[in-house]
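Enquirer: 3D, please:
(one chain, ligands or ions: 1)
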Amino acid sequence: MVLNVIIAEAALELIPIQVLDHPSVRNEARRRGVEPRDMLLDRSIHHAAMLKLEEHFKRGRPDLVYLTLLNATSTPLYQDGKAKVYIHTRDDIVLDFAERTRPPKSYTRFRDLMQQALFEKPDSGLIRVYDSTVKQILQRTGSGPKIGLSVQGGRMRLDELATRLGDSKESGVVIGGFPRGHFEPETTEGLERLVRIDERSLDAHVVVARLIYEVEKLVRGVG
Ligand SMILES: C[S@@+](CC[C@H](N)C(=O)[O-])C[C@H]1O[C@@H](n2cnc3c(N)ncnc32)[C@H](O)[C@@H]1O
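Expert: Just a heads-up that it's a prediction; the model follows:
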């Protein structure tokens, strides 16, 4: 089986045009010796600039995407080629990681790699970048179950969810890559249902690690 993990509406983007001239952006670009448009939007640095942006509370958290990605790609399931990861951004850009590709463990190297990937949009190699909605990614992952994870979903035990996903040749699971808020309606369009795995809102990196471990127990017989 292959579990397709989509980190959706991820808070990962290059500095948007509206804030290219903001002092917090220009100062960082000068300090790093790069062009403002080549940098990632990051709330920890560009907070003041971000207040101008639409839905700013959902954006500018590359650190959160990094943690989620590392938690997914460090698992035995992923290393065995039985999980595949996509990062989908709010602008419908997808970073598609080739099977078993490991992102850098250093945050600085991850940041630089993401900046380059979003800027150059390579169409081949270990990370391919192309335009796609979540629905389109799901359509390409076969006819298996397609489940979204959200506090707004119906309650389901994690082991039941893992059984549902792990029983198919190919399945898709969508996890929000943003710090606050909920999925846009377009993100949930291709999903059969939304599922809540805990009463509390958890960080995406905790959700992805727990889910993959449950699927691993079925597929690899561990635990
Ligand atoms: C920090 S949350 C985003 C905030 C949002 N209010 C929420 O909890 O759904 C990041 C992502 O983790 C997943 N998530 C967090 N808590 C969850 C829960 N209790 N059940 C299912 N998914 C959850 C969802 O995919 C969510 O989009």
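Enquirer: ranges for the helices of the chain?
Expert: Here the chain has its helices, by DSSP state H, at 23-32, 43-50, 62-73, 76-79, 107-120, 134-139, 158-166, 185-188, 204-220.
Enquirer: Show me which residues of the first one are buried.
Expert: What it means is helix 23-32. V25, E28, A29 (16 or more other C-beta atoms under 10 Å). Where you see a C-beta, it was placed from the backbone N, CA and C, and this is true even at glycine.
Enquirer: Which other helices and strands does it contact?
Expert: helix 43-50 (3 or more C-beta pairs under 8 Å, 6 or more residues apart in numbering; DSSP states H and E).
Enquirer: Next, the angle helix 62-73 makes with the helix it packs on.
Expert: Interaxial angle, helix 43-50 versus helix 62-73 (axes from the mean of the first three to the mean of the last three C-alpha atoms, to 10 degrees): 140 degrees.
Enquirer: do helix 43-50 and the ligand meet?
Expert: No. Residues of helix 43-50 are not located near the ligand by C-beta under 6 Å from any ligand atom, the shortest gap being 13.9 Å.
Enquirer: Can I get that helix as CSV, trimmed to CA atoms?
Expert: C-alpha atoms of helix 43-50 as CSV (Å, rounded to 0.1, in the frame of the first residue of the first chain):
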residue,chain,number,x,y,z
ARG,A,43,6.1,35.4,10.9
SER,A,44,8.9,35.4,13.4
ILE,A,45,10.7,38.0,11.2
HIS,A,46,8.0,39.7,9.2
HIS,A,47,5.2,39.9,11.7
ALA,A,48,4.6,43.7,11.2
ALA,A,49,4.6,43.3,7.4
MET,A,50,2.2,40.4,7.5
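Enquirer: how far does that helix sit from the chain's center?
Expert: 21 Å (C-alpha atoms, centre = their mean, to the nearest Å).
Enquirer: in that helix, what's buried?
Expert: Here helix 43-50 shows R43, I45, H46, A49, M50 as buried, counting by 16+ other C-beta under 10 Å.
Enquirer: Nothing else from me, thank you.
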